[in-house]
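Novice: Need a 3D model of the sequence below.
(one chain, ligands or ions: 1)
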Amino acid sequence: MLTRSRGRSAVDDTALWNAVGAVEDPELHRGIGELGMLRTARGDRAGTARVEVALTTAGCPLREHLREAVTAAALTVPGVRRAEVAFTTLSARQRMELAQRLRGERSTRFGARTLVYAVASGKGGVGKSSVAANLAVALARRGKRVGLLDADVWGYSVPQLFGVRRNPVALNGLMLPLQAHGVRLMSVGFLVADDAPVLWRGPLLHKALEQFLADVHWGELDVLLLDLPPGTGDITLSLLELVPEAALLAVTTPQPAAQAVASRVGRLARQQRMPVAGVVENMSTLVCAGCGEHTAPFGAGGGQRLADELGTELLGRIPLDAALREAGDTGLPVVAGDANAPSAVALTELAARLPAVRRGLAGLALPLTVVR
Ligand SMILES: Nc1ncnc2c1ncn2[C@@H]1O[C@H](COP(=O)(O)OP(=O)(O)OP(=O)(O)O)[C@@H](O)[C@H]1O
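Specialist: Model prediction:
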């Protein structure tokens, strides 16, 4: 039973309830009061606020984060001098009800106005995942609600790039994305043990991607980035089918060979009538740390040539930067950990320039019936 005592105390219990209830659950992105997770919020004469919160799961990894947020919220209420936060868990029935409510409330999978970008490259190793991860962080730093789906099922790298290795909380078949550096993340790497290889193929793969889109509670998003595997294989095709609203963001190096392969992805997008948001040239130049001189180890001009070929814009040129590579190895995206590094500056500018591209509905098969 929920209790909200109105006994004599130095604290207005309704004000306490409202303040604490507004604290957002970090995975559901809604107030814990609204979610039915706040059980008790009561102040005593000495100014101690006693708060009880029911977690979605007993082993909730964000328990300490919630404790801090609840304590901070309680201390904003006049008369509260200290806060004691206790945790319990939702019952099976309450979890089911919450999952049903969240599913029922969703008019779309991520939000009707969400901009979806498929970050793709022709060949591997051009830095597509690094660009996607840092672009996601840069967009989050601009105040956007950002999701990043690691659709590179076999070569997933989001867990490593964000330094996150936990299993997502599952709420009766609804998976909650993990959150790091302000970005909501989902990757097959969160579901397999110890970097195990993923052996899914064909229909199973399609099903897994479908579940990532339908059974992950992304909440309202402004932007969803899809980190595609390199090339034009099964996953790319499945995703184009499953997320017809996605716009292509093509990543290439300046090297003519890389650009030629990347143009195949562009042609595929054109065949599928997928809009193109633009091109990002990665590993553009190498800046000498000592003298500041720029050299071009991978040649020059590939990004611009690809953009011209696709009839789109070259949105950014990201330099070859040891800071970005090191950041990826330590699990702290360079945009978050070393914002002044040349690559971080270029990626932050890319986030600011990213055009809002939406696919028109013309030519799409829509699940509509004509009513006469
Ligand atoms: N601008 C850059 N400067 C320095 N190192 C970079 C840069 N971009 C990427 N790298 C490094 O290059 C390697 C490949 O990058 P990444 O994994 O992002 O490529 P990818 O295109 O997603 O590869 P794949 O699709 O094959 O997994 C990583 O070690 C990464 O740290």
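Novice: So, low pLDDT: which residues of the chain?
Specialist: 1-9, 60, 106-108, 194-203, 360-372 (pLDDT under 70).
Novice: Let me see the domain layout of it.
Specialist: Domain ranges of the chain: 13-90, 115-353, per automatic domain parsing.
Novice: check contacts around the residue lying closest to residue 10 once chain neighbours are set aside.
Specialist: Ranked by CB to CB, 6 or more residues apart in numbering and with sequence neighbours excluded, the top spatial neighbour of residue 10 is residue 79, at 4.0 Å. Every C-beta, even on glycine, is put in place using the N, C-alpha and C of the backbone. Listed by CB atoms under 8 Å, 6 or more residues apart in numbering, the contact partners of residue 79 are 9-12, 43, 47.
Novice: the longest helix in the protein is where?
Specialist: Counting by DSSP state H, the longest helix found in the chain is helix 256-271.
Novice: Mind giving me the packing neighbours of the next helix or strand after it?
Specialist: Downstream of helix 256-271, the first helix or strand assigned by DSSP states H and E is strand 276-287. Packing partners of strand 276-287 (3 or more CB pairs under 8 Å, 6 or more residues apart in numbering; DSSP states H and E): helix 128-141, strand 247-252, helix 256-271, strand 294-295, helix 302-310, strand 314-320.
Novice: Tell me what angle strand 276-287 forms with helix 256-271.
Specialist: 170 degrees (axes from the mean of the first three to the mean of the last three CA atoms, to 10 degrees).
Novice: so what strands line up beside strand 276-287?
Specialist: strand 247-252 (parallel), strand 294-295 (antiparallel), strand 314-320 (parallel) (DSSP bridges).
Novice: And the strands in the stretch 101-250 of the chain, which stretches?
Specialist: 115-121, 146-150, 170-171, 174-175, 178-180, 183-187, 223-227, 247-252 (DSSP state E, counting those that start in this stretch).
Novice: Please save the CA atoms from the second one in PDB.
Specialist: By that I understand strand 146-150. C-alpha atoms of strand 146-150 as PDB (Å, rounded to 0.1, in the frame of the first residue of the first chain):
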ATOM      1  CA  VAL A 146      19.500  10.300 -28.300                       C
ATOM      2  CA  GLY A 147      19.400   6.600 -28.800                       C
ATOM      3  CA  LEU A 148      22.200   4.500 -30.400                       C
ATOM      4  CA  LEU A 149      21.300   1.000 -31.600                       C
ATOM      5  CA  ASP A 150      24.400  -1.100 -32.400                       C
END
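Novice: Relative to the whole chain's centre, how far out is that strand?
Specialist: 3 Å (CA atoms, centre = their mean, to the nearest Å).
Novice: picking that back up, winner for burial among the strands paired with strand 276-287?
Specialist: strand 247-252 (a mean of 28; mean count of other CB atoms under 10 Å).
Novice: got the angle between it and helix 302-310?
Specialist: Inter-element angle recorded for strand 247-252 and helix 302-310: 140 degrees (by the same axes, to 10 degrees).
Novice: how far does strand 247-252 sit from the chain's center?
Specialist: So, by CA atoms, centre = their mean, the centroid of strand 247-252 is 18 Å from its chain's centroid.
Novice: hmm, who's touching it?
Specialist: 115-122, 126-128, 131, 225, 258-259, 262, 265-266, 269, 274-282, 302-303, 306, 310, 315, 354, 357-359.
Novice: before we move on, back to that, need the strands paired with strand 276-287 in JSON lines (columns: distance to the ligand).
Specialist: Converted to JSON lines, the strands paired with strand 276-287 look like this (distance: least, CB to the nearest ligand atom, whole Å):
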{"stretch": "strand 247-252", "distance to the ligand": "7"}
{"stretch": "strand 294-295", "distance to the ligand": "13"}
{"stretch": "strand 314-320", "distance to the ligand": "4"}
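Novice: hang on, residue 146 packs against residue 223?
Specialist: Yes. Using CB atoms under 8 Å, residue 146 is in contact with residue 223, at 4.9 Å.
Novice: Fine, thanks again, bye for now.
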